[in-house]
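Visitor: structure for this input, please:
(one chain, ligands or ions: 2)
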Amino acid sequence: MSEASEKTAIVLGIESSCDETAAAVVRLGPDGGAAILSDVVLSQVAEHAAFGGVVPELAARAHLRWLPDVLRRAMREAAGDWTELDAVAVTAGPGLIGGLITGMMTAKAIALASRCAFIAVNHLEAHALSPMLTEGIAPPYLLLLVSGGHTQLISVDDIGRYRRYGTTIDDALGEAFDKVAKMLGLGYPGGPAVEKLAANGDAARFAFPRPMKGRAECHFSFSGLKTAVRTAALALDDPTQRDKADICASFQQAVAESLADRVSRAIDMFLDDHPDLAERRLVVAGGVAANRALRGHLQQVAAQHGFTLHAPPPAMCTDNAAMVAHAGALKLARGETDPLNTPARARWPLDPAAEPAIFAGVKG
Ligand code: KG4
Ligand code: ZN
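Guide: Numbering: from 1, shown residues only. Ligands and ions are numbered 1, 2, ... in the order given. Okay, the predicted model is just below:
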């Protein structure tokens, strides 16, 4: 980090872009080394479970209700005083606008009252840089980000320099897991339930499509696969536990093969862009990265290309505010702060130069 500032920075981070209300304090040293002083995450899973997915309006209200408590706890655990903050960093997008606005307004009020800098953080950048915080891995590396809201393949070239190789043209992968779980009555969030049932199922029973496999670019699509699962489930009339396990196993196998193919393609692109790398690293992050079966497939693809696979601990893969504070501290170290009239952005691509994915829907 050549441009790192001379001094240590203490940054409070706030995350409220989806269904986690989170606050954390991170200290970034002059050498670029970061320490997490506190990391508080309040999951709203229980509030959304009955609906089988995140309800934006409910999420915004819950952020408003819980953010003050979460912030107080993060400051107390960091044994910090509001006046010691060098900056408050907040997720400004992309995400659900009601939640983003709640976090932004809170952060602006803190910046004003504590007389510290205000920093608007791109949530995807916070995820993209989190391996620096958790694993001490410095760019460049290839990142597969798979969560309930994102499915992206990103070349993290350097801090502030990202190339988006692939994105989903319809559903995010976690969303597909959640919808499959909902169809089978497995509860929310669906990923862990699908993985558990899949472990005892027959992955060869249903011939589901392998979306996008073999295509020259490395985008994703999960909506056709989801429809195929729905059709199979409906055809069974009253599926037994065995049927459900076989559907889950066949779905997960289709996902694994599709992911492996897309990642393999992205690795080729990454090697074209970085031909002389001493260390080739693939990082997988996001809630879906918790899936052991998928990780096993990714491990194989990585090894085939001479890459090592890194998966940060699940708590750092999923949404948290430590990654937001860290990304904010790195911006501060480069002298980048934001004015208090900065708006929240429901959409905020990490790589604005990326070509739109053909046929991409609203989430592309
Ligand atoms: O990163 P995350 O906690 O929150 C955001 O979406 O931002 O990701 C949650 C998603 C959910 O869709 C959940 O079903 C999925 O990650 N997930 C999994 C597993 N654990 C969580 N998907 C597949 N297998 C899992 N073991
Ligand atoms: Zn996220």
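Visitor: would you mark the buried spots in stretch 103-110?
Guide: 103-104, 106-108, 110 (16 or more other CB atoms under 10 Å). C-beta: built from backbone N, CA, C; applies to glycine.
Visitor: identify the residues contacting whichever residue of the stretch 51-200 of the chain sits closest to ligand 2.
Guide: Of all residues in the stretch 51-200 of the chain, Ser147 sits closest to ligand 2, at 4.9 Å by CB to the ion. Applying CB atoms under 8 Å, 6 or more residues apart in numbering to Ser147 gives the contacts 172-174, 285-288, 318-319.
Visitor: spell out which parts of the stretch 201-350 of the chain neighbour ligand 2.
Guide: Contact residues (CB under 5 Å from the ion) of the stretch 201-350 of the chain with ligand 2: Asp319.
Visitor: near whichever residue of the stretch 201-350 of the chain sits closest to ligand 2, how many other residues are there?
Guide: Proximity of the stretch 201-350 of the chain to ligand 2 (CB to the ion) peaks at Asp319, 4.5 Å away. The number of residues packed near Asp319 is 26, by other CB atoms under 10 Å.
Visitor: what about the spatially closest residue to His123 that is not a sequence neighbour, which SS state?
Guide: Distances taken as CB to CB, 6 or more residues apart in numbering put Thr91 closest to His123, at 4.6 Å, once the chain neighbours are dropped. Counting by DSSP: H, G, I helix; E, B strand; the rest coil, the backbone at Thr91 sits in strand.
Visitor: can you list the weak-confidence ranges in the stretch 201-350 of the chain?
Guide: Along the stretch 201-350 of the chain, segments meeting pLDDT under 70 are nowhere present.
Visitor: OK, contacts around the closest residue to ligand 1 within it?
Guide: Closest approach between the stretch 201-350 of the chain and ligand 1, counting by CB to the nearest ligand atom: Gly287, at 2.1 Å. For Gly287, the contact set (CB under 8 Å, 6+ apart) comprises 146-148, 174, 189, 191, 314, 317-318.
Visitor: so which of those residues sit within helices?
Guide: 174, 191, 314, 317 (DSSP state H).
Visitor: might one say that the second one is in contact with Gly174?
Guide: Spelled out, it's Gly191. Yes: counting by CB atoms under 8 Å, Gly174 is a contact partner of Gly191 at 6.0 Å.
Visitor: thinking again about what came up before, quick one: which of the contacts of Ser147 is nearest Val25?
Guide: Distance to Val25 across the contacts of Ser147 (CB to CB) is lowest for Asp319, with 16.8 Å.
Visitor: list the beta-bridge partners for the residue nearest to that closest one when sequence neighbours are not counted.
Guide: Ranked by CB to CB, 6+ apart and with sequence neighbours excluded, the top spatial neighbour of Asp319 is Glu20, at 4.2 Å. Note on Glu20: beta-bridge partners Ser43, judged by DSSP bridges.
Visitor: which phi and psi does Ala354 have?
Guide: Main-chain torsions, Ala354, degrees, to the nearest 10: phi -60, psi 140.
Visitor: and it, what's its pLDDT?
Guide: Looking at Ala354, its pLDDT stands at 88.
Visitor: leaving out sequence neighbours, find the closest residue to it.
Guide: Excluding its sequence neighbours, the residue lying closest to Ala354 (CB to CB, 6+ apart) is Arg164, at 4.0 Å.
Visitor: host element of that neighbour?
Guide: In the assignment (DSSP states H and E), Arg164 maps to strand 161-167.
Visitor: one more: Val283?
Guide: Judged by DSSP H and E, Val283 forms part of strand 281-285.
Visitor: ok, Arg295 next?
Guide: Here Arg295, judged by DSSP H and E, is contained in helix 292-304.
Visitor: packing partners for that helix?
Guide: Contacts defined by 3 or more CB pairs under 8 Å, 6 or more residues apart in numbering; DSSP states H and E place helix 292-304 against helix 190-198, helix 241-273, strand 281-285, strand 308-310.
Visitor: in the second one, which residues are buried?
Guide: Of the residues in helix 241-273, those with enough neighbours to count as buried (16+ other CB under 10 Å) are 243-263, 265-267, 269-271.
Visitor: and stretch 162-182, by the same measure?
Guide: Within stretch 162-182, the residues that count as buried by 16+ other CB under 10 Å are 162-181.
Visitor: okay, which residue is most central for the protein?
Guide: Gly286 (4.0 Å; CA atoms, centre = their mean).
Visitor: shouldn't that residue be in contact with Leu145?
Guide: Yes: in terms of CB under 8 Å, Gly286 counts as a neighbour of Leu145; the distance is 4.9 Å.
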